[in-house]
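Q: Sharing a sequence plus its predicted fold:
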Amino acid sequence: MPGRLLRKLAISSNISTYLSRTLIIITVATTVIIGGVMIFQQTLYFNKLSKQKSNEYIQNQKIYIQEIVNNELEYIRIQNDFFRTNIDNKIRQNVNQAYHTAESIYQKYAGTKTEDEIKSLIIATISSLRFDMEYEEVFISTLDGTGIYYPRKPEFSGKDMSQFKDANGLSVVQEEINLLKTNQEGFLYYDLNSKLLANPSPHKKIAFVKKFGHFDWYFGSKQYLDDYFPKFRDEIAQKISSVRFRHGGYVFMNDMNGTPIVMDGSVYKGNLNMLTDSADLRHKIFLLQLDVAKNNPNGGYFYYQWNKIAETTPSEKCSFVMQFKDYNWLIGAGFYLDEIDESIQKQQVLLHKDQQKSIILILIIFFVLLFFEVLIIYHFNARYKSDFERFFNFFFSLQTNFNHLNTSQLYFEEFKRAGAAANEMVLSRKEIENKLIAEQKKATESDRLKSAFLANMSHEIRTPMNAILGFSELLEDDSQDEQDKIMFIKLIRKNGDILLNLINDIIDISKIEANLLAIRKRPVHLNKFLYEIGSHYTETIASRNDKDIKFLIINNIEPNLTILTDEIRLRQILDNLIGNAIKFTPEGLITLKAKREGEAIYCSVSDTGIGIPADQQATIFERFMQAEHAHGVNFGGTGLGLAISKNLIELLGGNLQVESDAGKGSIFYFHIPIN
């Protein structure tokens, strides 16, 4: 029973009603399902996001303390570079001061005092120089290794020092001499044996030497980084101890020998050694730091128990530690997990409120969507029925007329496209009907043209044939004298040529239509060819007593130009054009002009004849068509000459064109390629 009721509600024999009900049911069901799924997904998402936020918060804290440690390490690296550069500059400055002092003395007394006096004066002056720190000094030696002046080692004066080795077994004097063999000045860096020194400083020595060319001397100065290091370390420690970040965080700093440098956010001043004092609670934590730093060159995390500042109870802590290898320092920072838990709980409360807001928003959107869905379906149904009714009325009206459907009155794009297709169908039917009418007219015209052509051809064939037959009969009359017989034979030959040309034109146009006309290109000496044309038509026109015309040829072709073309067909083209000019020019001038234009030959045939009306210039190149002239004058001909000439020129690679004014003459011109 419920199923039957549902089918009655959902299924209707009316397509628009069926679509409307189906859309309503599907839309409401889909909206309810989507709303329920969204609420369910929101709950799952909250649980997942809560865990994700916890992990992300901890991970972000890890990244945060890592960045803090990296920033402090970068600061130490920059300060270390500055520290080393300052020492290098200080040593160079001391040596340059001594060098310039000695140079001034030499320039002042050279030539007035002996060399030994100048040397003694330089040594005395250098020994009196005072620098910023008591252990800063400058020594003098020769380039062969003989000691001249060593402030703290007077016994080295006058002694060969080239084989001297210091406490670390380094041949320092010889290395200085080797450097100055190829350089005017330079630095030397030495790593000292740390076992000989108790202080955990960077055991390095820096020397700077510079040539003093006047006596083959060189000046030098040596400094130990250990002398400057304590002050540098204290400055770094003060900076590290001042760093504070969220949740009471701070940065710690330890020496890998176990000595704390910065502990609990303060510079450490005690005597604790976390490496050797195994009874101290911090001993195990320091060993954990060492293990993480040694096994992770880029730093690592570790967990341990440590009390907060101003508290005595240890809390779970996560720290990141990384080694500064130059001085074997451990730099680290951490955060307490219980403080993270408090922040995570606060976040979860906020997330839960956001979840409730999201569910309420989903319900509001759900009901708003339902309202708009009902409204849209109502409007859809009304417009859908309207479009259907217009289509039905349109198709019924096609039985009696070809009216178009007004697609602007349709609402839906699909109906508009269908309406456009229907209008195209109507237009197509109209076009087919118009084509049928046009084809009928064309067939009638074709019939008329064929009849006219046959009538014209019968006349054109009968005229020379009658002449041939008539003069042949006269030749049979023995009473004719010899002069008349010779004239009759010439007339027979002339009319035979006319008949032959007529037959050739018909054959040519047939070959062209069947695409069987062959072009045979061969080298043609153009000037010779034009001369032959000119000679032939000059003689032909001169023999025409019925016309008062002159023939002129304007040849601008270079003397030895040879082109690759079909000479027979080119001659046929010019014969047709010049023949037409003679036919339609009762008096005046016919001009053949030829010239070279780039890689083509330009040819034109102009006359001063009757001309061609502008409205007939497009049709004169069609078969069997001739221009219609005033008073119905018939000039004869088949109407094939221009059609054949146009096709031949196109086969030769050109195009035949015409310019003409009625009563003023015509110009037919074309271009053909040289090769």
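A: Nice, thanks for sending it over.
Q: okay, CA-based contacts and neighbour counts for the rest of this
A: Fine.
Q: ok, and the closest non-adjacent residue to residue 288?
A: Nearest residue to residue 288 in three dimensions, chain neighbours excluded: residue 302, at 7.5 Å (CA to CA, 6 or more residues apart in numbering).
Q: which secondary element of the chain has the worst mean pLDDT?
A: Least confident helix or strand of the chain, by mean pLDDT, DSSP states H and E, is helix 2-10 with a mean of 54.
Q: Spell out the secondary structure type for the residue nearest to residue 288.
A: Here residue 302 is strand, with the state taken from DSSP: H, G, I helix; E, B strand; the rest coil.
Q: which residues touch it?
A: 288-289, 292, 318-320 (CA atoms under 8 Å, 6 or more residues apart in numbering).
Q: Check the gap between it and residue 418 for me.
A: Residue 302 sits 73 Å away from residue 418, going by CA to CA, to the nearest Å.
Q: Tell me where the model's unsure across the stretch 1-150 of the chain.
A: Counting by pLDDT under 70, the stretch 1-150 of the chain shows low-confidence ranges at 1-21, 23-24, 35, 39-40, 42-50, 133-135.
Q: What segments of it are strands?
A: Using DSSP state E, counting those that start in this stretch, the strands of the stretch 1-150 of the chain run over 139-142, 147-149.
Q: Packing partners of the helix or strand just after the shortest one?
A: The C-terminal neighbour of strand 147-149 among helices and strands, as given by DSSP states H and E, is helix 172-182. Under the contact criterion of 3 or more CA pairs under 8 Å, 6 or more residues apart in numbering; DSSP states H and E, the helices and strands touching helix 172-182 comprise strand 185-191, strand 204-212.
Q: what comes up buried for helix 172-182?
A: Residues of helix 172-182 classed as buried: 172-174, 176-177, 179-180 (neighbour count, 16 or more other CA atoms under 10 Å).
Q: One more: stretch 423-433?
A: 423, 426.
Q: follow-up on the earlier one: quick one, which of the helices and strands packed on helix 172-182 is packed in tightest?
A: Among those, ranked by average contacts under mean count of other CA atoms under 10 Å, first place goes to strand 204-212 (a mean of 21).
Q: which secondary structure elements does it contact?
A: Using 3+ CA pairs under 8 Å, 6+ apart, strand 204-212 is in contact with helix 15-109, helix 172-182, strand 185-191, strand 217-224, helix 225-241.
Q: so how far is it from its chain's centroid?
A: Averaging C-alpha positions (CA atoms, centre = their mean, to the nearest Å) puts strand 204-212 56 Å from its chain's average.
Q: Within its sheet, name the partner strands of that strand and how each one runs.
A: Strand 204-212 sits in its sheet next to strand 185-191 (antiparallel), strand 217-224 (antiparallel), going by DSSP bridges.
Q: Not counting sequence-adjacent ones, nearest residue to residue 243?
A: Distance criterion CA to CA, 6+ apart; nearest residue to residue 243, sequence neighbours excluded, is residue 250 at 5.9 Å.
Q: most remote residue from this protein's center?
A: Distance from the centre of the chain peaks at residue 479, with 97.8 Å (CA atoms, centre = their mean).
Q: does that residue count as helix, strand or coil?
A: Secondary structure state of residue 479, per three-state DSSP, is coil.
Q: backbone phi and psi for it, please?
A: The phi/psi pair for residue 479 (degrees, to the nearest 10) reads phi -80, psi -10.
Q: which ones are touching the residue nearest to residue 208 when sequence neighbours are not counted?
A: For residue 208, ignoring the flanking residues on the chain, the nearest one in space by CA to CA, 6+ apart is residue 187 at 4.5 Å. Taking CA under 8 Å, 6+ apart, we find residue 187 in contact with 206-209.
Q: Please tell me how far the most centrally placed residue in the chain sits from residue 420.
A: Centrality entry for the chain: nearest residue to the mean C-alpha point is residue 413, 37.1 Å, by CA atoms, centre = their mean. Residue 413 sits 10 Å away from residue 420, going by CA to CA.
Q: cool, residue 28 as well?
A: Applying CA to CA, one obtains 34 Å for the distance of residue 28 from residue 420.
Q: Residue 86 too?
A: Noted for residue 86: a distance of 87 Å to residue 420, by CA to CA.
Q: So for the two, which residue has more residues nearby?
A: Using other CA atoms under 10 Å as the criterion, residue 86 and residue 420 rank with residue 420 on top: 16 against 12.
Q: What about residue 37, how many residues nearby?
A: Counted with other CA under 10 Å, residue 37 comes out at 12.
Q: now swap in residue 440 and tell me
A: With other CA under 10 Å as criterion, residue 440 counts 12.
Q: Repeat that for residue 370.
A: Number of residues near residue 370 (other CA under 10 Å) recorded here: 17.
Q: Surely it is within a strand?
A: No - under three-state DSSP, residue 370 falls outside any strand and is assigned helix.
Q: Is there a neighbour count for the closest residue in space to it that isn't next to it in sequence? I'd like the number.
A: Setting aside the residues directly before and after it, residue 370 is nearest to residue 28 in space (CA to CA, 6+ apart), at 6.8 Å. Applying other CA under 10 Å, we find 16 residues neighbouring residue 28.
Q: The one 10 residues further on now?
A: Look at residue 38: counted by other CA under 10 Å, it has 17 neighbours.
Q: Three-state assignment for residue 609, please.
A: Classification of residue 609 using three-state DSSP returns coil.
Q: Hmm, it is touching residue 586, no?
A: Yes - applying CA atoms under 8 Å as the test, residue 609 and residue 586 come out as touching, 6.5 Å apart.
Q: ok, back up a step: let me have the buried residues of helix 172-182 in CSV, adding distance to residue 447 and pLDDT as columns.
A: Formatted as CSV, these follow (distance: CA to CA, whole Å; pLDDT from 0 to 100):
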residue, distance to residue 447, pLDDT
172, 122, 87
173, 123, 89
174, 121, 90
176, 119, 90
177, 119, 90
179, 114, 92
180, 115, 90
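Q: Quick check: the farthest pair among these?
A: The span of the buried residues of helix 172-182, defined through CA to CA, is set by 172 and 180 at 12.6 Å.
Q: for the stretch 501-650 of the chain, what spans make up the strands?
A: Per DSSP E, counting those that start in this stretch, the stretch 501-650 of the chain carries strands over the ranges 522-525, 548-556, 562-565, 587-597, 600-607.
Q: Report the distance from the first one to the chain centre.
A: On the basis of CA atoms, centre = their mean, the separation between the geometric centre of strand 522-525 and that of its chain is 53 Å.
Q: Mind pulling up the pLDDT for residue 594?
A: pLDDT, residue 594: 95.
Q: quick one, what contacts it?
A: With contact taken as CA under 8 Å, 6+ apart, residue 594 is in contact with 554-557, 601-604.
Q: I'd like the average pLDDT over stretch 510-520.
A: When pLDDT is averaged along stretch 510-520, the result is 76.
Q: Show me what counts as buried in that stretch.
A: Neighbour-count burial for stretch 510-520 [16+ other CA under 10 Å]: 512, 517.
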